[in-house]
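Asker: Everything below, folded, please.
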Amino acid sequence: MTRLVRALGAMVLGVLLVCGAAQAQPESGSRAAAAADRILAEARQDAARECAHATDVLVQVLCRGTIRVGLRTYYPGFSVRNERGEFQGFEVDLARRIAGFLGVRLQPVAVDPKNRIPMVASGDIDLVIATMSHLGQRDREVTFIRPHYYQSRTVVVGAKAIPVAGWRDLAGQTVCLPVGAGSNILFTRHGIAVLTFDKPEQLLDALAFNECPLIVHDDTFFGTLLTDPQWSTKYAIKFGFAPTPWGMAVARVHAERLAALLSELSVAWHADGVLLQLAQANRIDTTFLWNEQERWSSMSCIAADGSPRPDCLAPPVRMSEVNDTTVVAVHEVSSDASLLVRLEAAAGLPFLQERGASSLLLQGIGYSLALIVGAQVATALFALVFGRLMGFGSTPVRRTVAALTAIGQTTPLPLLMFFGYIVAGGITRYTGVVALIAAVVVLGFYNGCNAGRAIHEAHQAIQRDATAPQSYWRALSLASIQLIAFLINAAKGSPAAGMIGVPEFLNVMTDLTSYSSDRVTVYLVLLVFYTGLVLLVITLLYAARTRLAARVERTA
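Answerer: This is a model prediction of the structure:
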């Protein structure tokens with residue numbers, strides 16, 4: 001009797017196990033896994049025939065016996081490299097699982113937001129799994145694997161004492177961002193001052209040492225910190241926005257078969273709960289993965305060949321499609337901007353092919369031109385007025401102007417810029433236009449003081465020579481070289497206006513480098529732009545000097 005009970009118990013247990021296995025492996029996951037097996041089998045046949053000249057990335061991986069996967073070195077819960085050089089985290093476990101399926105060894109390669117796309121696009125690595133948001137503009141550079149393996153949103157974090165609850169509260173604040181994050185452009189669209197850091201741990205240090213009152217990153221980055229009582233009593237999430245899917249990515253060329261295999265595996269591992277289990281083991285939020293498991297367990301999202309149906313795949317995020325209810329309206333670009341985008345694409349400048357970036361660039365060029373022209377006019381006016389008053393004004397006027405020019409000549413430009421910021425902010429509400437006007441006045445005063453003093457000294461020299469014709473225009477001609485020098489200096493010094501918040505071209509380029517990690521190209525554009533502007537200013541000034549000299553000769 002006892003043996004019969006035990007036998008029946010074993011039979012019941014076996015049935016439960018079989019049912020549990022069937023439940024853990026839904027038909028959708030089995031169909032996707034079978035499709036991945038077929039792709040792998042075909043690739044192995046190709047690898048057995050020819051490895052020496054293989055161009056297919058999957059075949060190369062099989063021939064090499066290793067898969068090179070780009071992983072972050074410091075992103076708690078997802079990928080961290082410890083003191084022994086070992087990688088740990090959810091993304092690392094996912095990479096190991098992929099390597100195990102392929103039957104090859106995992107070769108972790110350290111990447112960061114600046115180089116992760118260039119490395120996989122150039123073939124330095126085979127696959128990148130590095131907390132990378134799937135943004136529309138990135139589809140031009142790499143192939144993202146869908147369904148996505150995770151999702152996050154961007155959050156603003158700061159001290160609990162700082163009263164920030166939304167975008168409007170960020171006015172006048174400085175926000176620190178990670179270089180290359182796609183959501184960075186949203187801050188620049190709001191006209192918020194930003195600082196960028198290469199590594200996420202640098203953001204935490206900047207927050208701790210009060211270098212940055214507010215920092216920005218994915219909410220997943222702060223998951224472990226928010227569970228730390230000491231940290232969470234001091235800092236908190238202010239607000240969040242822009243839910244963004246994360247995707248693995250491979251090169252756009254010669255990696256189509258690897259991409260198809262990884263897509264099938266993603267479906268299977270979502271349906272079977274593999275990704276969910278890996279996330280639970282690494283103690284990260286699993287809300288997204290629970291939803292994905294439910295989605296991909298349904299046969300309605302699986303085609304007959306095991307591939308995912310397109311209507312079940314989450315699309316990439318496009319910043320131009322984000323609306324006011326979530327973050328900020330990104331303005332439509334004019335036909336001129338569209339032309340610029342085409343020109344930039346032809347010139348090989350992909351960081352400007354996104355609408356928001358191109359619009360930001362055009363806005364910055366406009367501010368920059370207005371600033372330089374304004375600085376030229378203001379410098380000339382201050383110089384002419386100061387030079388005239390010091391030479392022909394009454395004694396009190398001459399002494400007053402001499403004191404003002406002494407202040408302008410001895411005070412460093414950054415200090416004058418800061419003073420301009422204080423005065424402008426005290427007189428009226430501080431806006432971009434007010435900042436532009438204040439910068440023009442400060443640059444004009446600073447350079448006009450020096451040029452006005454040069455005109456006055458030239459006039460004194462003429463007065464000492466009784467035989468020389470006495471005229472203000474002759475003094476102006478004699479001091480024209482110094483005047484031109486300070487006008488050129490006003491053009492070259494216009495980027496310093498960024499110190500008081502003018503959203504001119506240099507600040508825009510800084511914003512673009514926060515949005516795109518292609519810093520070399522960005523600052524090369526900056527160099528060419530400003531060099532061209534200064535050369536244009538020099539050409540026009542020397543032409544004006546020639547005309548002035550001719551006028552003086554005619555009146556002599």
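
Asker: got the buried residues for stretch 110-128?
Answerer: 110-117, 119-121, 125-128 (16 or more other Cβ atoms under 10 Å). Where you see a C-beta, it was placed from the backbone N, CA and C, and this is true even at glycine.

Asker: end-to-end on that stretch?
Answerer: 10 Å (Cα to Cα, to the nearest Å).

Asker: What about residue 524, how many residues nearby?
Answerer: Residue 524: 12 surrounding residues under other Cβ atoms under 10 Å.

Asker: ok, the buried residues of stretch 110-128 vs residue 478, which is closest?
Answerer: Closest approach between the buried residues of stretch 110-128 and residue 478, by Cβ to Cβ: residue 114, at 52.9 Å.

Asker: Am I right that the closest one sits in a strand?
Answerer: No. Residue 114: not assigned to a strand; according to DSSP: H, G, I helix; E, B strand; the rest coil it is coil.

Asker: And it, how far from residue 197?
Answerer: 11 Å (Cβ to Cβ, to the nearest Å).

Asker: Quick check: buried residues in the lengthiest strand in the chain?
Answerer: Assignment by DSSP state E gives strand 235-246 as the longest strand of the chain. Within strand 235-246, the residues scored as buried using 16+ other Cβ under 10 Å are 235, 236, 238, 240, 241, 242, 244, 245, 246.

Asker: The fifth one contacts residue 154, doesn't it?
Answerer: Yes. The pair residue 241 and residue 154 qualifies as a contact (Cβ atoms under 8 Å) at a distance of 5.8 Å.

Asker: Just the CA trace of stretch 73-85, in CSV.
Answerer: Extracted in CSV, the C-alpha atoms of stretch 73-85 (Å, rounded to 0.1, in the frame of the first residue of the first chain):
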residue,chain,number,x,y,z
THR,A,73,32.2,49.1,-16.8
TYR,A,74,30.1,51.0,-14.2
TYR,A,75,26.3,50.7,-14.3
PRO,A,76,25.1,49.1,-11.1
GLY,A,77,22.8,46.1,-11.6
PHE,A,78,23.5,45.9,-15.3
SER,A,79,27.2,45.9,-15.9
VAL,A,80,30.0,46.6,-13.5
ARG,A,81,33.7,45.6,-13.8
ASN,A,82,35.1,44.7,-10.4
GLU,A,83,38.7,45.2,-9.1
ARG,A,84,39.7,41.8,-10.6
GLY,A,85,38.5,42.9,-14.0
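
Asker: can you give me the strands in the stretch 101-250 of the chain?
Answerer: 105-110, 127-128, 142-144, 150-159, 174-178, 193-197, 214-218, 235-246, 249-251 (DSSP state E, counting those that start in this stretch).

Asker: want to throw the ones you listed into TSV with distance to residue 266 and mean pLDDT?
Answerer: Listed next are those as TSV, based on distance: least, Cβ to Cβ, whole Å; pLDDT from 0 to 100:
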stretch	distance to residue 266	mean pLDDT
strand 105-110	17	97
strand 127-128	12	98
strand 142-144	11	96
strand 150-159	11	92
strand 174-178	26	85
strand 193-197	31	78
strand 214-218	20	91
strand 235-246	12	90
strand 249-251	12	97
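
Asker: among those, which is the most enclosed?
Answerer: Highest mean neighbour count among these (mean count of other Cβ atoms under 10 Å): strand 127-128, with a mean of 28.

Asker: Can you identify the element that follows the lowest-mean-pLDDT helix or strand in the chain toward the C-terminus?
Answerer: Least confident element among the helices and strands of the chain, by mean pLDDT, DSSP states H and E: helix 335-346 (a mean of 35). Counting by DSSP states H and E, the next helix or strand C-terminal to helix 335-346 is helix 355-392.

Asker: quick one: contacts of stretch 296-311?
Answerer: 26-29, 31-36, 146-147, 260, 263-264, 267, 270-271, 295, 312 (Cβ atoms under 8 Å, 6 or more residues apart in numbering).

Asker: go with 6 Å
Answerer: By Cβ atoms under 6 Å, 6 or more residues apart in numbering, the residues outside stretch 296-311 that reach it are 26, 28, 31, 32, 34, 35, 267, 270, 271, 295, 312.

Asker: hmm, which two among the residues you listed are most spread apart?
Answerer: 34 and 295 (19.4 Å).

Asker: that older thread, got CSV for the strands of the stretch 101-250 of the chain, with distance to residue 279 too?
Answerer: Shown next, in CSV, are those (distance: least, Cβ to Cβ, whole Å):
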stretch, distance to residue 279
strand 105-110, 19
strand 127-128, 19
strand 142-144, 19
strand 150-159, 8
strand 174-178, 22
strand 193-197, 27
strand 214-218, 15
strand 235-246, 12
strand 249-251, 20
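
Asker: Determine which of these approaches residue 397 most closely.
Answerer: strand 193-197 (40.0 Å).

Asker: partners of the closest one in the sheet?
Answerer: strand 174-178 (parallel) (DSSP bridges).

Asker: For the stretch 1-150 of the chain, just list every one of the helices.
Answerer: In the stretch 1-150 of the chain, the helices defined using DSSP state H, counting those that start in this stretch lie at 2-24, 27-49, 57-64, 90-102, 116-122.

Asker: coming back round to it: ChimeraX command to pick out the buried ones of the contacts of stretch 296-311?
Answerer: Buried members of the contacts of stretch 296-311, defined by 16+ other Cβ under 10 Å, are picked up in ChimeraX with:
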select :26,28,31,32,35,267,270,271,295,312
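
Asker: Kindly present the buried residues of strand 235-246 as JSON lines, with separate columns for distance to residue 89.
Answerer: Shown next, in JSON lines, are the buried residues of strand 235-246 (distance: Cβ to Cβ, whole Å):
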{"residue": "235", "distance to residue 89": "22"}
{"residue": "236", "distance to residue 89": "24"}
{"residue": "238", "distance to residue 89": "26"}
{"residue": "240", "distance to residue 89": "22"}
{"residue": "241", "distance to residue 89": "25"}
{"residue": "242", "distance to residue 89": "23"}
{"residue": "244", "distance to residue 89": "19"}
{"residue": "245", "distance to residue 89": "18"}
{"residue": "246", "distance to residue 89": "13"}
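
Asker: Brilliant, that's me finished.
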